[in-house]
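# Take a look and give me a structure for this.
(one chain, ligands or ions: 1)
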Amino acid sequence: MNKVEPVVVIHGGAWAIPENISDASRNGVKLAARKAYEILKHGGSALDAVEAAVVILEDEPVFDAGKGSCLNAAGLIEMDASIMDGTSLKAGAVAAVANISNPICLARMVMEQTDHCLLVGEGANMFANECNVPSVDPSSLVTEACLEEWQTFEKYKSAVDSLFNNQITSLPLGHDTVGAVAMDANGRIAAATSTGGITGKRVGRVGDSPLIGSGTYAIDEIGGVSCTGHGESIIKICLAKHIICLMESGMKAQEAVEQSLQLMNSRVKGAGGAICISASGEPAFHFTTERMAWAIAKADVLSWGLDPKESNVEKMA
Ligand code: GLY
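Below you'll find the predicted structure:
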């Protein structure tokens, strides 16, 4: 197989990211992109790259995944994650899991060690025990910011309106989802997404992030996608697969991402963002929220940003 130029695209969630965490959000996605790119440059797989990137984002409390996950209506953490291998179309996901630090690693174990694609709640935690995944005290994943957000938002609806529909933007609180898409030197594509969901969500509510075709999709012949934003809207549009279908019909990655998010906005009034890599290695991203932390690593150049018109570039050593 001919070697190709590795590519990584990262997102740290699409929402009205307040100024006080904007630099931490930029730094988090840059760090994740650098890590994933380093893996790819050393001949690692796209799957290893996206998993490692998402672990970094889950461990960074500024993002709504792993440590820093939003709290549900009962004040508890329930996390969702998925990963997909664009070569085999194998996929693994977990939903409504607690007590573990890195749901993306458990999602990969579901993909590689079971005959299933998705394990939820108690069953997912039982599987984690079987795999000797260390159990953590859920309180160790709760941050002051999440607690404050939970107390402020109280009702799920007001959280959605504030975070995604730009209706209460004066509240400097909120979160949303992390993700990574990578193409390795063999042209293999993988995508991964992880989230704590939306503050005040019902107990047992599952969003788009662990649903293959909604939050995540990868197929080597067309591309890979990871989504962020209002989960119920993303599910209704099957956003990740919708983007892939537009690309399959011949549309460029950037246009496919933009057109799909516009459809989500006009058809179900949902806001969000998505990152993508096409089969030809073309990276793309777009968001319809105020901000989205993103980073791209390609050809030894790292680019990143947060605001709609922001784009910073630096050469990687
Ligand atoms: N996009 C994450 C969620 O709605 O759960």
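
# now the helices: where do they sit in the stretch 101-250 of the chain?
Under the criterion DSSP state H, counting those that start in this stretch, the stretch 101-250 of the chain carries helices at the ranges 103-113, 121-130, 144-153, 156-164, 231-237, 239-248.

# Which of those helices comes out lowest on mean pLDDT?
Between the helices of the stretch 101-250 of the chain, the lowest average pLDDT goes to helix 156-164, which shows a mean of 62.

# Next, count neighbours for residue 254.
Residue 254 is flanked by 15 other residues according to other CB atoms under 10 Å. Where you see a C-beta, it was placed from the backbone N, CA and C, and this is true even at glycine.

# Who are the contact partners of it?
282, 284, 286 (CB atoms under 8 Å, 6 or more residues apart in numbering).

# Of all the helix elements in the chain, which one is longest?
With secondary structure taken from DSSP state H, the chain has its longest helix at helix 22-41.

# Pull out the buried residues from it.
Of the residues in helix 22-41, those with enough neighbours to count as buried (16 or more other CB atoms under 10 Å) are 22, 25-40.

# still on that earlier bit, take the helices of the stretch 101-250 of the chain and write them to CSV, including mean neighbour count and distance to residue 68.
What follows is the helices of the stretch 101-250 of the chain, written out as CSV (neighbours: other CB atoms under 10 Å; distance: least, CB to CB, whole Å):
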stretch, mean neighbour count, distance to residue 68
helix 103-113, 23, 13
helix 121-130, 16, 19
helix 144-153, 17, 6
helix 156-164, 21, 15
helix 231-237, 22, 17
helix 239-248, 24, 23
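
# circling back to that earlier point, kindly format the C-alpha coordinates of the helix or strand following the longest helix of the chain as CSV.
Per DSSP states H and E, the first helix or strand lying C-terminal to helix 22-41 is helix 46-59. Output of helix 46-59 as CSV, limited to C-alpha atoms (Å, rounded to 0.1, in the frame of the first residue of the first chain):
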residue,chain,number,x,y,z
ALA,A,46,-5.4,5.9,13.2
LEU,A,47,-7.2,4.0,15.9
ASP,A,48,-4.3,4.4,18.4
ALA,A,49,-4.1,8.0,17.4
VAL,A,50,-7.7,8.9,18.0
GLU,A,51,-7.9,6.9,21.3
ALA,A,52,-4.8,8.6,22.6
ALA,A,53,-6.1,12.1,21.6
VAL,A,54,-9.4,11.5,23.3
VAL,A,55,-7.7,10.2,26.5
ILE,A,56,-5.9,13.6,26.7
LEU,A,57,-9.2,15.4,26.2
GLU,A,58,-11.0,13.2,28.8
ASP,A,59,-8.2,13.9,31.3
